[in-house]
Every structure is written in structure tokens, then in C-alpha cells.
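Participant: pasting the structure only:
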């Protein structure tokens, strides 16, 4: 059974997500649920994973699946709950504990962090966003992630991918990714921008001389 669900108008095969997770060496067991018909939650029994397991597994899924099929939240278990006949009992999988996900507020520092935090707060309709806050734990999902990317592209003129929010879901990680994208502007683009600025400063007479 693939456990097909419909989330925000999109059909999602939970079994396909679970199969991709099980391909990764850090995952011993995996299950995925659509909680409250709002977002996906991944349940994992890990195999000696390091502290970066969340980012590693999100990136693994994002490389193979559409962004809306990457779980927004994760729950790590010692073992999966089983029914009397030995099969996974999905009904007793615990909901993510919001109290465990609460983080100490750390204010954005740089101009970029403040700008991105403001956009997140507007899109997510929350009062403030700190550096340690996770986009999805604040109520984000793929459609809202798309809104964030559209606004950032308009304001920063940078080619930011929606998947980057899934692979770097905390504000501090995402801002570091955005900053890296901005520094990757090629020398050719930089030279072109400078040339255009120089043209803007030329007078009509100067332009006539150039074109004559």
C-alpha cells in the first residue's frame, strides 16, 4: 500500500517518500504521515546518525522528489510502534511536540538576516523570526516557501531555489545559503552591471558620439 494522500491539492505517495528515506545509510526504519492535512511529518529510527541528520536527509529527499514531498517536521523514535500482527501501527505514531521544538530567540544581526526574517514573518504571519527558528516548525509549507522565494528574488535579484528552504530550513542556515548565492555572481555579470551604470551617466551628446 502506497498510502496516497492529498495535501493542499497535491497528491502525495507516502510510500515513495519512505522508500527514498530507506535508501539512505543513516535510516534504519521510516514512516511518513500527513498530520492534520497540513504538512508531512517524517518518523525515523536512525542508524548511528550525527547531529546533521535532519539537513542530510532533507537534502537527500530534495534531490529525488518534488519539494512538497519533503517532510516539514521530523520525529526520531527508538523503534516503530507495531500492531499485534507485527505491522507498523501508523495510528499511534506521536504528533510532533511543539514544546520540544521551541527554541531560544536569537535576533537577526546582519542586514540580510533582518530582511529575510521580515519576509518570513510576513509570509508566515508571525510576530518575529529568530536565527534558530525553523521555517516549517513556524507553520511553513511548500506554497509559503514559494512566496518567500518570489519576494526574495524581487528584492535581492538573486536566483534562489525553493528547495533551498527545505535543505536549509533554519533562518541562519538559509541566510548563509542566500549570501553564498549572492557572492557567486560571475565577473562577467559584474562587469556588465558596471558598464550599464556607466552608460546611464553618459549625456545625450556622449551617446550620439558613441553611436555615430
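Facilitator: Everything's here; your move. Note that the structure is predicted; figures quoted are calculated from it, not measured. Residues are numbered from 1 along each chain as shown.

Participant: what's the next secondary structure element after the helix or strand bottoming out on mean pLDDT in the chain?
Facilitator: Counting by mean pLDDT, DSSP states H and E, the weakest-scoring helix or strand in the chain turns out to be helix 98-101, with a mean of 50. Heading C-terminal from helix 98-101, the first helix or strand you meet, by DSSP states H and E, is helix 111-124.

Participant: Ramachandran coordinates for residue 30?
Facilitator: phi -150, psi 150 (degrees, to the nearest 10).

Participant: Domain ranges for this protein, per the record?
Facilitator: Segmentation of the chain into domains, based on automatic domain parsing, reads 4-99, 103-187.

Participant: With respect to residue 201, which of these lies nearest?
Facilitator: Nearest of these to residue 201, taken as CB to CB: domain 103-187 at 20.6 Å. C-beta: built from backbone N, CA, C; applies to glycine.

Participant: what pLDDT, on average, does stretch 53-65 get?
Facilitator: Taken as a whole, stretch 53-65 carries a mean pLDDT of 87.

Participant: pLDDT below threshold where in the chain?
Facilitator: 1-2, 49, 97-103, 184-194, 196, 199-200, 203-212 (pLDDT under 70).

Participant: show me where it has helices.
Facilitator: 14-23, 53-62, 98-101, 111-124, 142-156, 163-167, 171-183, 187-201, 204-211 (DSSP state H).

Participant: Which among those helices is found nearest to residue 90?
Facilitator: Across these, closest to residue 90 is helix 14-23 (CB to CB), at 9.2 Å.

Participant: roughly how far apart are residue 81 and residue 130?
Facilitator: 34 Å (CB to CB, to the nearest Å).

Participant: likewise residue 92?
Facilitator: Distance of residue 92 to residue 130, given as CB to CB: 33 Å.

Participant: Equivalent analysis for residue 87, please.
Facilitator: When residue 87 is compared with residue 130 (using CB to CB), they lie 41 Å apart.

Participant: More neighbours: these two, which one.
Facilitator: Under the neighbour definition other CB atoms under 10 Å, residue 87 and residue 130 were set side by side, and residue 130 has more, 17 against 9.

Participant: can you tell me how far the residue lying closest to the more buried one once chain neighbours are set aside sits from residue 34?
Facilitator: Computed as CB to CB, 6 or more residues apart in numbering, the closest residue to residue 130 that is not its neighbour in sequence is residue 105, at 4.2 Å. According to CB to CB, residue 105 and residue 34 sit 30 Å apart.

Participant: between those two, which one's more packed in?
Facilitator: residue 34 (17 against 11).

Participant: and that one, what is it in contact with?
Facilitator: Counting by CB atoms under 8 Å, 6 or more residues apart in numbering, residue 34 touches 5, 7, 12, 14, 40-41.

Participant: Kind regards, and thank you for your time.
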